[in-house]
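*Asks:* turn this into a structure:
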Amino acid sequence: MSKQIESNLIAVNEREIEEFERAVYNRRHEQAGTALIALLPRLNGVFGAPGYLAAAEVERYLYTRLGAALTAFLADEALNLSQAGFDALVLRQPVIPMVFEASAFEGSDHLVRLIGTRDPANPDRINFPTPQQQLKLLLAYSLDSDIELDLEAMLRRDPGALFPAFLGMLGRCIVLTRNAHRRRSQLLRLGGLFENVAPRIDQMPALASIWMNCMYGTEPDRHAIRRPLNTIARRVAAPAPEHERAPGTPRRALAERPVMLAPLEHFRVPHVNYLWFAPVLRKLRERFLLVGAGTAQDLDEVSRNAFDRLIEFDPPDTRGFRPLLDALSAVKADIVLYPTLGIQWWWVAVCNVRLAPIQAMLMGVPASSFSGAMDYVVIDESWAGEPDCYSETLVHVRAGATRFQPRGARVPPPPPAARNGGSPVRVAVPALVTKLNAPFLEACREIAKKSRAKLEWHFFPGMSGLHHRIATRGILEWFPEARVYGYMEYDAYLEALARCDVHLSPFPFGGSSSNMDSMQLGIPIVTLEGREAHSQTDAGMLRRAGLPSWLIAHDAEQYVRAALRLIDSPGELAKTRRQFLAVRIDEIFTEADPAAADDYANAFCWLYEHHQHIQSTGRRCWTVADRAGVSPTPQEALPGIPAATTATRTRKPSRERRARSKPDRVRRARD
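*Replies:* All right, here's what the predicted structure looks like:
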């Protein structure tokens, strides 16, 4: 396996490991614990991990030394963990078993057995009778383990004390084995156990990580955990009465520019968040007084100029959320719009506070917030998802309103080559490792098993450091001869992707920017369409580009058949490649569409005018045609928006009009 891993960044050097070893082997437990707490966050770096390049054998050697010291530390019966020490370590719990998986130990089960006690009557049974053994067990246990534990029973014993352990175990972002997939699913269903805990602000980053990453699961109810997490996060935010505004707060006069507050996450050039949402915010600024809010790490000089006003703040600390909520509530916003939600932990708490009578989100992070303070999701009708997947009211904008900004210079695709019988078909999986899961990998293995052609697998999990090594190890368990690429600069990534023949999009969470990359390179994409927005983006893009509908599957069996249709037929592959190369990407996806360019702004003006009426109807979804059926009176029209010639009224569009309003939608199977 090591031959498959090229040199990789490692976040710790030999001297730092030696300091931890010296403290452990001399049984200076407090000093060892302090050193470990300092090491774990660095090892948890994902993109561009700090450190230095190391060859695979050097990585394995250093992780093995670190794993041996961890074994001696946690297996030492004289080590007594305080609750504070346990909490500090367990919030970073996934890193501990990952160190073992990256080492010669290849897992932490040996440590779990050393922590426990053999049952005298049944030597194959391991018991953990003491509180210290149970705490150490939770630190050492991996979701990938071959040892079965009753996790629910353990967590039910003391939800308040074990809440950090719950956060830690669910914080694992690489879930590639069947065991890990099953246990993550189980833990996601246990969120209700902790709804009444008294959380601390230092637990919010871990909580927000789960709030964000639950969307990478596969179960239909995977997002339900957001409800108890929202309750806990609001308790951490502790808003004062003066911070919140009732939904029925009187509106500003329509002759004024209503105030829109935009909480920002990674809104910097050339981050994808800026590329996607800056054009939308520019249009909104023409109709609203636009106030941005973000930290120094979320902004740069270019993005700062996108707003009429800017609130720049430091992340909440031990002082709590009061300074941030004071600043945000002072804006007296008419609308709060979250372009993305879930990347920065503080907004997970703030989104549960009502800062404006109308609160809405775009789909930069494509899943419902399940926050009682969020009123609307505004989304392109091409991949809106089914209304019952959202806690918010769904508002469609026109197909084409979402413009995908290029990430870099376009790389000319290589000319299609005539394939001979022995030439392998190069299969690309260009997706972050968080999108990979056991059901998807099982479908890929079925494709490999049934294919008549020789296949060459290329995975682009986008990781570096310890996460890259673990991602590589997990992928090679499924495909021993696969090429697994580390974190790459965009141009190098495109060059590697251009050598591939077929793009298999993961499910249930598909792609968007990766689809643009493959389209410009002429690489056919196979996708499985589900019920939620992140399961429909691929299909919506293929339909918008006029590409063959048979590339869109609705269950795993169809997905396998569609992939084999490309792989096993050189003629079909060449034909489909020509169809992809013929797509006018700039015209369809990146250049302004005159019919749709202003529709996000139009939708928010419509929401502002009709919010109370919309809420009173109880309707969960408003299509583009529905919006046209609820028009403002001449006196209500916002500046820059033509007034309707009829009074405000509601009319139900006919089935024919509804069908025309959703050109990219078809009847969809469940995930």
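
*Asks:* what's in contact with stretch 589-609?
*Replies:* With contact meaning CB atoms under 8 Å, 6 or more residues apart in numbering, stretch 589-609 is reached by 251, 254, 258, 260, 280, 283-284, 286-288, 334-335, 337, 358, 360, 362, 376, 378, 395, 397-401, 403-406, 516, 541, 544-545, 614, 624, 627, 630, 632, 636, 638, 641. In short, each C-beta sits where N, CA and C put it, glycine included.

*Asks:* among those, which lie within strands?
*Replies:* Judged by DSSP state E, strands contain the following of those: Met260, Ile335, Leu337, Ile358, Ala360, Tyr376, Val378, Val395, Val397.

*Asks:* isn't the second one right next to Ala356, touching?
*Replies:* Yes - counting by CB atoms under 8 Å, Ile335 touches Ala356, with 5.6 Å between them.

*Asks:* mutual contacts of those two, please.
*Replies:* Common contact partners of Ile335 and Ala356 (CB under 8 Å, 6+ apart): Leu261.

*Asks:* now the contacts of stretch 589-609: which count as buried?
*Replies:* For the contacts of stretch 589-609, a neighbour count by 16 or more other CB atoms under 10 Å gives the buried set as 254, 258, 260, 280, 283-284, 287-288, 334-335, 337, 358, 360, 362, 376, 378, 395, 397-401, 403-406, 516, 541, 544-545, 614, 624, 627, 630, 632, 636, 638, 641.

*Asks:* how about Phe313, phi and psi?
*Replies:* Dihedral pair for Phe313: phi -140, psi 160, per degrees, to the nearest 10.

*Asks:* okay, now it: neighbour count?
*Replies:* Using other CB atoms under 10 Å, the number of residues around Phe313 comes to 15.

*Asks:* wait, it touches Thr295, no?
*Replies:* Yes - Phe313 is within contact range of Thr295, at 6.2 Å (criterion: CB under 8 Å).

*Asks:* from Asn127, how far out is the residue sitting furthest away from the middle of the chain?
*Replies:* Computed with CA atoms, centre = their mean, the residue of the chain farthest from its C-alpha average is Ala121, at 46.8 Å. Noted for Ala121: a distance of 10 Å to Asn127, by CB to CB, to the nearest Å.

*Asks:* check Leu466 too.
*Replies:* 31 Å.

*Asks:* please identify which of these two sits among more neighbours.
*Replies:* Counting neighbours by other CB under 10 Å for Leu466 and for Asn127 shows that Leu466 has the greater number, 28 against 12.

*Asks:* the more buried one: helix or strand, and which one exactly?
*Replies:* Taking DSSP states H and E as the definition, one finds Leu466 inside helix 465-478.

*Asks:* Tyr600: neighbouring residues, count only.
*Replies:* 24.

*Asks:* swap that for Asp568, sorry
*Replies:* Neighbours around Asp568, by other CB under 10 Å: 15.

*Asks:* how near is it to Leu53?
*Replies:* Per CB to CB, Asp568 is found 40 Å from Leu53.

*Asks:* of the ones in strands among the contacts of stretch 589-609, closest to Val350?
*Replies:* Leu337 (13.0 Å; CB to CB).

*Asks:* where does that closest one land on pLDDT?
*Replies:* At Leu337, the model reports a pLDDT of 98.

*Asks:* I'd say Arg577 and Ile525 touch.
*Replies:* No - using CB under 8 Å, Arg577 is not in contact with Ile525, being 11.1 Å away.

*Asks:* where exactly do the helices run in the stretch 401-550 of the chain?
*Replies:* 438-450, 465-478, 490-497, 513-521, 537-544 (DSSP state H, counting those that start in this stretch).

*Asks:* brain fart, the stretch 1-150 of the chain
*Replies:* 14-25, 29-43, 56-75, 83-90, 95-101, 109-115, 131-140.

*Asks:* same check on the stretch 201-350 of the chain?
*Replies:* Ranges of helices within the stretch 201-350 of the chain are 204-213, 226-237, 272-287, 301-304, 322-329, 345-350, based on DSSP H, counting those that start in this stretch.
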